[in-house]
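Novice: Just a sequence and a predicted model for now, questions to come.
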Amino acid sequence: MKSLKNKVAVVTGAASGIGRALSVALAREGCRLALSDLEPEGLRETARTIENAGGVVITSLTDVANAEEMRSFAGEVIERFGQVDILVNNAGIANVAMIDEGSRAGFERVMNVNFWGVFNGVTAFLPHMKRQPSAHIVNISSVFGLWGIPSQAAYNCSKFAVRALSESLAQELSGSGITVSCVYPGGVKTNIAKGAKFEGAFGPFKDKEAFTRLFDEHLAFTTSEKAADVMVKGIKAGSARIRIGPDAYLMDFTQRLFPALYQKIIPTVLKLKFR
């Protein structure tokens with residue numbers, strides 16, 4: 001998909017962060033946009049930015065965790081544009097808790113949005129995309145879909161699951177004209193830490209304020225705009241794996257070389273550096 005002009009792109013979680021930046025970047029490439037989120041003001045602001053630049057956009061307050069709402073959203077997009085060329089399953093949330101201290105409800109909430117939201121997006125839009133000669137599905141995992149991290153079990157499980165779903169889907173669609181990309185962002189300057197539900201503590205994560213400060217000051221190496229640029233290039237290139245940020249490359253490389261050793265190092269480093 002070397003040119004994105006006049007393509008129809010669907011982006012979930014488009015009210016802020018990577019979702020907003022990617023929506024704007026895709027509009028700049030000539031895409032027509034269908035955007036969803038549950039934050040109405042943020043979604044309207046994203047749409048206004050695109051419209052003010054001359055872009056075409058529709059929006060929907062759709063809960064990605066609700067399969068019926070996603071099917072309805074897919075129907076709205078097809079009714080308006082007649083096709084879907086690019087689907088970006090981006091919506092995501094976080095929960096901070098040790099496994100034996102966090103609630104099951106908190107864990108399920110993360111899985112419902114981060115994994116089932118991706119599954120619902122794929123299953124809602126794929127039948128329409130199969131009717132076209134070519135299309136592209138982009139699922140957002142994370143470097144935490146490569147590394148397991150203390151206090152992030154829910155997020156880790158959801159993002160590892162997105163990775164598995166994407167790799168299985170890519171093989172199932174081999175030769176169909178539909179490309180599947182799985183994206184592994186490192187620390188990106190978004191509101192995900194600020195919006196995380198806080199149910200526990202570990203090392204530097206003494207409270208939500210400390211967790212947010214740690215993320216913003218020490219872990220968020222990449223801007224949302226830079227992340228969007230990398231993703232657009234990956235979509236054009238048809239890349240199966242899109243890594244974002246120097247930390248993503250480092251973590252991917254380390255996990256490949258030392259899949260067991262890093263699991264021993266991480267807790268020790270966190271306790272020493274942030275005690």
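Specialist: That came in fine, so what should we check first?
Novice: can you give me the helices in the stretch 51-200 of the chain?
Specialist: Ranges of helices in the stretch 51-200 of the chain, per DSSP state H, counting those that start in this stretch, are 67-81, 104-114, 116-129, 153-172.
Novice: What residues sit buried inside the last one?
Specialist: It stands for helix 153-172. Within helix 153-172, the residues that count as buried by 16 or more other C-beta atoms under 10 Å are 153-163, 165-166, 169-170. For glycine as for every other residue, the C-beta is placed from the backbone atoms N, C-alpha and C.
Novice: coming back round to it: using JSON lines, lay out the helices of the stretch 51-200 of the chain together with distance to Q263 and mean pLDDT.
Specialist: JSON lines is the format used below for the helices of the stretch 51-200 of the chain (distance: least, C-beta to C-beta, whole Å; pLDDT from 0 to 100):
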{"stretch": "helix 67-81", "distance to Q263": "35", "mean pLDDT": "98"}
{"stretch": "helix 104-114", "distance to Q263": "20", "mean pLDDT": "96"}
{"stretch": "helix 116-129", "distance to Q263": "26", "mean pLDDT": "98"}
{"stretch": "helix 153-172", "distance to Q263": "12", "mean pLDDT": "97"}
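Novice: Go through these and name the closest to I93.
Specialist: helix 104-114 (5.0 Å; C-beta to C-beta).
Novice: what distance separates that closest one from the centre of its chain?
Specialist: 15 Å (C-alpha atoms, centre = their mean, to the nearest Å).
Novice: List the residue ranges of the stretch 151-275 of the chain that fall below the pLDDT cut-off.
Specialist: 189-196, 198, 200-221, 269-275 (pLDDT under 70).
Novice: need the strands for it, in chain order.
Specialist: For the stretch 151-275 of the chain, the strands defined by DSSP state E, counting those that start in this stretch cover 178-185, 197-198, 241-244.
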